[in-house]
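Undergrad: Can you look at this prediction? I've put the sequence above it.
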Amino acid sequence: MKSKANEGVHLMANDLYPPATREIAHKRRDLAPQTQAAFDAFGRQVFADGALPAKMKQIIAVAVAHVTQCPYCIKGHTKAALRAGATHEELMEAVWVAAEMRAGAAYAHSALAIATFDEEQKGAAGT
């Protein structure tokens with residue numbers, strides 16, 4: 001049985017993002033067929049085994065999707081990672097890495113605010 005909290009999340013996501021459908025995919029392809037073909041080929045190349053195995057690339061994609069907060073990417077790359085052999089534990093650790101990086105970026109960028117404090121203080125002192 002779904003909790004009310006989970007139902008709210010699904011409703012909000014459905015209201016904000018239309019479902020990914022074949023019709024939308026076909027429309028996108030029909031509107032720019034060459035670009036769509038190039039994008040598809042690029043994706044196949046990027047996620048193919050290379051210096052990094054495909055499984056690792058999909059785990060990275062799950063982490064990046066959480067940082068970019070793309071619900072389509074989160075779902076699609078989670079499914080692809082699972083198909084490539086990723087475990088639930090590996091994926092959750094990747095999500096935690098993404099969370100730390102996002103929080104770490106906010107922490108690191110505090111240097112901009114601190115520099116602004118100093119600039120404003122010098123400006124106020126000079127007036």
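TA: It's in.
Undergrad: hey, let's count contacts and neighbours off CA atoms from now on
TA: OK.
Undergrad: Low-confidence stretches in the protein?
TA: In the predicted model, the chain carries pLDDT under 70 at residues 1-14, 127.
Undergrad: what residue is smack in the middle of it?
TA: Compute the mean C-alpha point of the chain, and by Cα atoms, centre = their mean the closest residue is Ala65, 1.5 Å away.
Undergrad: which helices and strands does whichever strand or helix holds it pack with?
TA: Assigned by DSSP states H and E, Ala65 belongs to helix 54-68. Packing partners of helix 54-68 (3 or more Cα pairs under 8 Å, 6 or more residues apart in numbering; DSSP states H and E): helix 71-83, helix 88-125.
Undergrad: mind running it again at 10 Å?
TA: The contact analysis (3 or more Cα pairs under 10 Å, 6 or more residues apart in numbering; DSSP states H and E) places helix 54-68 against helix 33-46, helix 71-83, helix 88-125.
Undergrad: re earlier: now the residue nearest to the centre of the chain: how far from Ala113?
TA: 27 Å (Cα to Cα, to the nearest Å).
Undergrad: What residue spans form the domains of this protein?
TA: 1-46, 53-127 (automatic domain parsing).
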